[in-house]
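Colleague: the sequence and its predicted three-dimensional model are supplied below.
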Amino acid sequence: MESNFFATVARMKYIERWALMRNTRPETLSEHTLEVSMIAHALCVIGNVRYGKQLDANHAAMVGMYHDASEIITGDMPTPIKYYNPSIKEAFKSIEDEANNKLLAQLPEDIKAEYQSIFFKDETHAYEWKLVKAADKLSAMIKCLEEEKTGNREFVKAKEATETSLRKLACELPEVADFMKECLPAYSKTLDELN
């Protein structure tokens, strides 16, 4: 049986994020999901090494890679609209779930089950899913820092809101606090400063 799944998912490279804001450099969904995947993996490694947890870093990386795949079907819904009120949030979650089911239906039957826990939260990996959500916020903060570095003031409010969310997450998730303290400041550096 022919499968359209991977060809469909490859279209993430055509979806631009932050559509309502002036960007100095556009960010695609592919770029974003790679960054979220890497950060989610790092957060799990921090949790395992520093806090004695037994997190599945590879699973978190895979969830990060596909966490916004539904946007291939739905498009990127701007955060202020998506979270405007509980009714809209719930309706959009339902739409995302339907889009994810549509994507999973494109997989060959014999491997579909392997992707179920990547597209839909399961209790076995509940903490990893929290870290993926945190990685998503960290990726948004990184975008804000990058835009700020170029002098673009368009992201000032987004940065403030994202920073507030991250501070709350850092109280609950020590991995996030560590990443924010040790890794996040480097994103404001120039290439020469990094080297």
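Modeller: It's in.

Colleague: now do stretch 13-23: distance to the chain's middle.
Modeller: Put simply, stretch 13-23 sits 15 Å off its chain's centre (CA atoms, centre = their mean, to the nearest Å).

Colleague: got it, and stretch 17-37?
Modeller: Mean-position distance between stretch 17-37 and its chain equals 10 Å (CA atoms, centre = their mean).

Colleague: now the residue positioned nearest the centre of the chain: closest residue in space, sequence neighbours ignored.
Modeller: What sits nearest the mean C-alpha location of the chain, by CA atoms, centre = their mean, is residue 136, with 3.1 Å. Spatial nearest neighbour of residue 136, chain neighbours left out: residue 36 (5.3 Å); criterion: CB to CB, 6 or more residues apart in numbering. C-beta here means a position set from N, CA and C on the backbone, and glycine is covered the same way.

Colleague: count the residues that sit near the one you found.
Modeller: Neighbourhood size, residue 36 [other CB atoms under 10 Å]: 27.

Colleague: residues contacting it?
Modeller: Contacts for residue 36 were tallied using CB atoms under 8 Å, 6 or more residues apart in numbering; they are 64-65, 67-68, 132, 135-136, 139.

Colleague: ok, now how distant is it from residue 22?
Modeller: Here the criterion is CB to CB, to the nearest Å. By it, residue 36 lies 23 Å from residue 22.

Colleague: what does residue 155 give?
Modeller: As defined by CB to CB, residue 155 lies at a distance of 9 Å from residue 22.
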